[in-house]
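Engineer: below: sequence and its predicted model.
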Amino acid sequence: MSTIRNVAVIVGSLRKESFNRKMAKAMIAIAPPSLKLEIVEIGQLPHYNQDFDADPPQEVKDFKGRIQQVDAVLFVTPEYNRSVPGALKNAIDVASRPYGKSAWNGKPGAVLSLSPGALGAFGANHHLRQSLVFLNVPAMPQPEAYIGGAAKMFSDTGAITSDDTREFVNKFLQAFAQWIEKNIAS
């Protein structure tokens with residue numbers, strides 16, 4: 001029996017019915033048994049402010065603690081203005097500070113970007129990867145995951161309607177499980 005790895009799923013969109021939240025929930029439902037995916041909310045986090053590095057608000061302590069406890073991180077994000085949403089960038093910042101005490105350090109990661117447009121949030125995906133390099137998050141290089149056409153992707157129950165997309169996401173998650181095992185800090 002393989003080890004079950006706990007994975008924080010960070011959804012870049014705060015909208016309750018966002019396509020990215022639907023994708024995160026669909027991924028939780030089809031994840032391989034070796035991965036326990038759980039959405040870790042970011043909407044409650046205050047804006048990062050260096051003034052609270054020494055004594056952060058409780059929401060920051062709780063979020064950072066959750067990230068420290070997981071084995072890996074999966075980012076599911078839309079694209080805002082060819083970049084990541086501000087709430088996602090803020091979550092990255094609050095859990096990475098103060099300098100030298102990042103909760104992200106060494107956690108294997110993956111990025112899936114999703115949008116209604118044809119490019120599948122390509123810009124956000126790559127912009128996020130730039131930050132992950134600095135944070136020492138080894139991001140899974142392949143398969144890359146840019147998924148367009150999100151507006152027609154989910155059933156009323158939140159399931160992925162396209163067999164091809166569901167198969168791709170399943171393969172992505174299987175590859176991520178392997179990536180975690182290759183990159184997990186012992």
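Structural biologist: Looks like it came in fine. Numbers count the residues shown, from 1 in each chain.

Engineer: what kind of secondary structure is the residue nearest the centre of the chain in?
Structural biologist: With distances taken as C-alpha atoms, centre = their mean, residue 75 lies nearest the centre of the chain, 1.3 Å away. Put simply, residue 75 is strand when judged by DSSP: H, G, I helix; E, B strand; the rest coil.

Engineer: and the helix or strand hosting residue 63, what's buried?
Structural biologist: With the criterion set as DSSP states H and E, the secondary-structure element containing residue 63 is helix 58-69. Using 16 or more other C-beta atoms under 10 Å as the test for burial, helix 58-69 gives 60, 63, 64, 66, 67. Where C-beta positions appear, they are placed from N, C-alpha and C, glycine not excepted.

Engineer: separation between residue 166 and residue 14?
Structural biologist: Computed as C-beta to C-beta, to the nearest Å, the residue 166 to residue 14 distance reads 25 Å.

Engineer: and if you look at residue 125?
Structural biologist: Using C-beta to C-beta, we find residue 125 at a distance of 19 Å from residue 14.

Engineer: could you do residue 150 as well?
Structural biologist: Looking at residue 150 against residue 14, where the rule is C-beta to C-beta, the gap reads 16 Å.

Engineer: compare the two (neighbour count), which wins?
Structural biologist: In this view residue 150 and residue 14 are compared by other C-beta atoms under 10 Å, and residue 150 has more residues nearby, 20 against 16.

Engineer: for the more buried one, give me phi and psi.
Structural biologist: Note on residue 150: backbone dihedrals following degrees, to the nearest 10 are phi -60, psi -30.

Engineer: can you pull the contacts of it?
Structural biologist: Under the criterion of C-beta atoms under 8 Å, 6 or more residues apart in numbering, the contact list for residue 150 reads 19, 20, 23, 114, 115, 116.

Engineer: name the SS class of the closest residue to the last one other than its chain neighbours, please.
Structural biologist: The spatial neighbour of residue 116 that comes closest, neighbours along the chain excluded (C-beta to C-beta, 6 or more residues apart in numbering), is residue 151 at 4.4 Å. Using three-state DSSP, the three-state assignment for residue 151 comes out as helix.
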